[in-house]
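Enquirer: Structure here, sequence nowhere to be found:
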C-alpha cells in the first residue's frame, strides 16, 4: 500500500499517511504499557496505529488489522494460504471476463441481529466510491462499473475490463462488508456508533473501543465463514507508543503476544529468552531504491543524457549492492534479501536480480560492474545523490543507507551523497524530480503478484520516476486478464525479468513477519496472506 494516482487500468491507490506508514518502526500515540493483569483472556500488544474503524476511512495496516477481526468479506485467505476462497459466500466466479458473480450463504446475520444480504454488499462498495475519503481504499475499486443484486443472496459485479485480481480485491482493505442500517451512506461512521450498533459479522465483535489504547473483542457466535469460529472467547488488543514498552510487556507476561512492531535489536534479544517463543513468517513488505529516469546520472533531463549509460549506471549499482550485509548487519535477519519486486511466497515470484547481477548467486561483483560501465563508455567516478526518510521507514534506515553508501563507494566506482528528509516533505519532493535515487517501501493491498507490478510499472505509476515501457505494460495487462493460473504465473515471471533488465527500481529487502509470544501460547499463524488473525490463537 502506498500513494497511487489513477492509471489507465485498475487503480491501486492509498490516501495520505497510509500503508507505507506500516514500515515505520515507531508506534501509535496514546498507548499504554504494562499493568494489564486485570484484562480478560488473550492479550495482544502492538505499536500499530488505527486511522479509522470505518473501512471507508482507512487504508493502513493498523486499521485493517482490526477490521480483519470483526468484518466479513466475500473472499478471504484461509489460514496457511496466499490464495482467496469464498468467505461468507458459497461460491464466487467469473461468468464472463468482466462479470463476477457471488452467491452469499443463506441466513447470514450481523451481531446485532440484522440480516446480512446482498443489499449490504452493494451498499458497502458503493459507499466507498461515494465517500472517496482521502485515507480510504476506494481507488482499489476503480475497475468496478456497477453492481446488481437480483436477490438477497446474489451479487453481480460488472467490471470495466477483464481482471483476474478482482477476487483478491474483494479480500483487500476495500472488501469489508458493513451493515447498511448502522453505517452512513455518504460519510464516515464513528467508531462509537459502529461499536454501539454491533455492526460486526467477522470472527469477533468489539465490546469496548478506545482508539489506539485498548480494544476488547469477544468471539462472534454468528460468524459463518472460511476462517471457522474463533478459538479464544475474549481478546484484548493493547496499543503501545514505544517498541521498548512493547518488548518489556511481552517479557513480563503483561501481553501474551507482541506483533508489529519490535526493533530488530529487540527481536534478536527476545530470541534468547527461554520464557518466550519468536514466530517467523513470510512478510509482504519490501524495501527498495527508485531510480528517477530523468534526474539520475545520464538521465533524460541531464545535459549529458545517454540512455545506454544511464542503464549501465543502474546495472552497476545492482552489481555492487550486498543485500546479505544489509539484512544481517542492519536488520539482524528480520529482513531477507529479495531479488525481485515480487517477494518470495507469492505465485509467480522469481529472482531475476539474483541471476542477472553480481556474481549470479546473490553476492556483489565489482569487476562485473566495472566492465558494465566500461562497455557503455562510462569513465571516472559516478556521483550518486540518494535520499531516504527515516521518520517514515524506520530509524534503521539511517544504518541501511549508510551501509549502502559504504558498499557503493568501496567499489571505487561511485561517490555517494546521502540525505534524509522528513516524510511530509519527502512525499511531495520525490514526485517532483527532486531525488535522482530514493528510498521507498511497499506493503501489499492483497497477496497477489500483480500488486507488486501494476502500481510500479504501468505508464502512470505511483512511483512517478518517468519509467515508461510498453512491453512490461503489455505483460501486466496480459497477466491481469489471463484466467489460466499456470499461464498467468509465466507472464508474471516475464514481467519481473523485463523490469530487472531495465531496473526502474532496485529491490533490496523483504521483511519477515515476526511475532513474540509466551511459551504457553499456541496457534500464532503468520502466512502469505499477510493478515494477523486472533481467531487461531489460544493459551
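Expert: Looks like it arrived, so ask away. If you're wondering where the values come from, they're calculated on a predicted model, not measured in any experiment.
Enquirer: Under the pLDDT cut-off, which ranges of the stretch 1-150 of the chain? List them.
Expert: Residue ranges of the stretch 1-150 of the chain with pLDDT under 70: 1-40.
Enquirer: all strands for it, in order.
Expert: Using DSSP state E, counting those that start in this stretch, the strands of the stretch 1-150 of the chain run over residues 42-46, 75-76, 85-86, 89-96, 99-104, 144-151.
Enquirer: next one: the stretch 151-300 of the chain
Expert: 154-159, 204-210, 214-219, 234-239, 257-259, 276-281, 286-291.
Enquirer: Now do the helices in the stretch 1-150 of the chain.
Expert: Secondary structure of the stretch 1-150 of the chain (DSSP state H, counting those that start in this stretch): helices located at 61-70, 118-131.
Enquirer: from memory residue 223 sits against residue 205, does it?
Expert: No: counting by Cβ atoms under 8 Å, residue 223 sits too far from residue 205 to count as a contact (9.1 Å). Placement of C-beta: from N, CA and C, glycine included.
Enquirer: what comes into contact with stretch 113-130?
Expert: 55-56, 72, 74, 88, 102, 104, 108-110, 136-138, 141, 144, 147, 149, 151-155, 174, 176-186, 199, 201 (Cβ atoms under 8 Å, 6 or more residues apart in numbering).
Enquirer: and these, which are buried?
Expert: For the contacts of stretch 113-130, a burial check counting by 16 or more other Cβ atoms under 10 Å picks out 55-56, 72, 74, 88, 102, 104, 108-110, 136-138, 141, 144, 147, 149, 153, 155, 174, 176-180, 182-184, 199, 201.
Enquirer: hmm, back to that, highest average neighbour count across the strands of the stretch 1-150 of the chain?
Expert: Mean neighbour count, computed with mean count of other Cβ atoms under 10 Å, is highest for strand 42-46 among the strands of the stretch 1-150 of the chain, reaching a mean of 26.
Enquirer: now for it, which elements pack on it?
Expert: Packing partners of strand 42-46 (3 or more Cβ pairs under 8 Å, 6 or more residues apart in numbering; DSSP states H and E): strand 234-239, helix 243-251, strand 257-259.
Enquirer: Give me whichever of those is most buried.
Expert: strand 257-259 (a mean of 27).
Enquirer: Name every strand pairing with that one and say which way it goes.
Expert: Taking DSSP bridges as the criterion, strand 257-259 forms sheet pairs with strand 42-46 (parallel), strand 513-518 (antiparallel).
Enquirer: picking up where we left off before, could you redo the helices of the stretch 1-150 of the chain as JSON lines and give each row distance to residue 48 and mean neighbour count?
Expert: Below are the helices of the stretch 1-150 of the chain laid out as JSON lines (distance: least, Cβ to Cβ, whole Å; neighbours: other Cβ atoms under 10 Å):
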{"stretch": "helix 61-70", "distance to residue 48": "4", "mean neighbour count": "25"}
{"stretch": "helix 118-131", "distance to residue 48": "22", "mean neighbour count": "20"}
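Enquirer: Distance to residue 360 added to those, as JSON lines?
Expert: JSON lines is the format used below for the helices of the stretch 1-150 of the chain (distance: least, Cβ to Cβ, whole Å):
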{"stretch": "helix 61-70", "distance to residue 360": "35"}
{"stretch": "helix 118-131", "distance to residue 360": "46"}
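Enquirer: what about these, which gets the closest to residue 194?
Expert: Judged by Cβ to Cβ, the one of the helices of the stretch 1-150 of the chain that comes nearest to residue 194 is helix 61-70, at 8.9 Å.
Enquirer: Over to the closest residue to residue 82 other than its chain neighbours. Which of the three states is it?
Expert: Of all residues not flanking residue 82 in the chain, residue 528 sits nearest, at 3.6 Å (Cβ to Cβ, 6 or more residues apart in numbering). Here residue 528 is recorded as coil under DSSP: H, G, I helix; E, B strand; the rest coil.
Enquirer: residues in contact with residue 528?
Expert: 81, 82, 282, 284, 345, 346, 447 are the contacts of residue 528 under Cβ under 8 Å, 6+ apart.
Enquirer: what are the phi and psi angles of the fifth one?
Expert: Okay, so that is residue 345. Main-chain torsions, residue 345, degrees, to the nearest 10: phi 110, psi -20.
Enquirer: Please apply the same query to the second one.
Expert: Recorded main-chain torsions at residue 82 are phi -90, psi -10, according to degrees, to the nearest 10.
Enquirer: before we move on, what about the third one?
Expert: As for residue 282, its main-chain torsions (degrees, to the nearest 10) stand at phi -60, psi 150.
Enquirer: And for it, the neighbour number?
Expert: 20 (other Cβ atoms under 10 Å).
Enquirer: again, but for the first one
Expert: Number of residues near residue 81 (other Cβ under 10 Å) recorded here: 14.
Enquirer: State the distance spanning the first to the last residue of stretch 435-450.
Expert: By Cα to Cα, to the nearest Å, the extent of stretch 435-450 from end to end equals 26 Å.
Enquirer: Over that stretch, what's the mean pLDDT, rounded is fine.
Expert: Across stretch 435-450, the average pLDDT comes to 90.
Enquirer: quick one: residue 308 is in a strand?
Expert: No: counting by three-state DSSP, one finds residue 308 to be helix, located in no strand.
Enquirer: Next, the contact list for it, please.
Expert: By Cβ under 8 Å, 6+ apart, residue 308 lies in contact with 376, 377.
Enquirer: okay, it: pLDDT?
Expert: 98.
Enquirer: Ok, residue 240 next?
Expert: 93.
Enquirer: for the one 5 residues further on, same thing?
Expert: We have a pLDDT of 94 for residue 245.
Enquirer: host element of residue 405?
Expert: Assigned by DSSP states H and E, residue 405 belongs to helix 397-410.
Enquirer: List the buried residues of that helix.
Expert: Judged by neighbour count using 16+ other Cβ under 10 Å, the buried positions of helix 397-410 are 397, 399, 400, 401, 403, 404, 405, 407, 408.
Enquirer: For the second one, which non-adjacent residue is spatially closest?
Expert: This points to residue 399. residue 330 (4.7 Å).
Enquirer: The one you found - how many residues pack around it?
Expert: By other Cβ under 10 Å, 21 other residues sit near residue 330.
Enquirer: picking up where we left off before, generate TSV for the strands of the stretch 151-300 of the chain, with distance to residue 326 as supplementary columns.
Expert: Output for these, formatted as TSV (distance: least, Cβ to Cβ, whole Å):
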stretch	distance to residue 326
strand 154-159	40
strand 204-210	38
strand 214-219	35
strand 234-239	30
strand 257-259	24
strand 276-281	18
strand 286-291	9
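Enquirer: most packed of those strands?
Expert: strand 257-259 (a mean of 27).
Enquirer: tell me the mean pLDDT over it?
Expert: For strand 257-259, the mean pLDDT works out to 97.
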